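Participant: Sequence below, structure please.
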Amino acid sequence: MVQVYRDGNTFKGRTLWFKNKDTSKAMDEWTDKHNPDPALRSRKLIGINILTELTYNPKSNSWENGRIYDATKGSFWDASVSMTKEGSLKVTGYWHFKFIGKSVTFVRYNNEKLVN
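Facilitator: Next up, the predicted model:
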């Protein structure tokens, strides 16, 4: 579960919950152990911003020029976000070219609307 929010002129998304097959630890015990910055490897995965720097583009009705963080590998990717017709959030992570990226769709948790 990701909470998307406005921060100044950009949008960010922070982790609130994640499904993990490894049940050896409670969710709030998992740390960012693969982060390329050793100083950040002890921070909790819950609450970190995995989406950053997204700016809204009214012409395409999408959020562009962002970054997404993959905590499982400690990798950053370029990112864009758009809303589907059903109201879900489609997040695409890519390296230079969107057409070879990977997309993940997030379903809205409640009836709150995403604010532009």
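Participant: and Tyr69, how many neighbours does it have?
Facilitator: 21 (other Cβ atoms under 10 Å). All C-beta spots, glycine's among them, are computed from the backbone N, C-alpha and C.
Participant: Equivalent analysis for Val91, please.
Facilitator: When neighbours are counted by other Cβ under 10 Å, Val91 comes out with 24.
Participant: For it, give the beta-bridge partners.
Facilitator: Val81, Val104 (DSSP bridges).
Participant: Tell me, what's the model's pLDDT at it?
Facilitator: In this prediction, Val91 carries a pLDDT score of 94.
Participant: That one and Lys102 touch, don't they?
Facilitator: No: between Val91 and Lys102 there is no contact under Cβ atoms under 8 Å: 9.3 Å.
Participant: which residue lies farthest from the center of the protein?
Facilitator: The centre of the chain is farthest from one residue, Ser24, which by Cα atoms, centre = their mean lies 24.4 Å away.
Participant: Tell me the secondary structure at it.
Facilitator: Following DSSP: H, G, I helix; E, B strand; the rest coil, the label given to Ser24 is coil.
Participant: roughly how far apart are it and Trp30?
Facilitator: Counting by Cβ to Cβ, to the nearest Å, the gap from Ser24 to Trp30 is 10 Å.
Participant: cool, Thr105 as well?
Facilitator: 23 Å.
Participant: give me every residue that touches Ile68.
Facilitator: Counting by Cβ atoms under 8 Å, 6 or more residues apart in numbering, Ile68 makes contact with Ile50, Leu51, Phe76, Trp77, Asp78, Ala79, Val91, Gly93.
Participant: Mind doing that once more with 10 Å?
Facilitator: 13, 49-54, 75-81, 91-94, 101-102, 104 (Cβ atoms under 10 Å, 6 or more residues apart in numbering).
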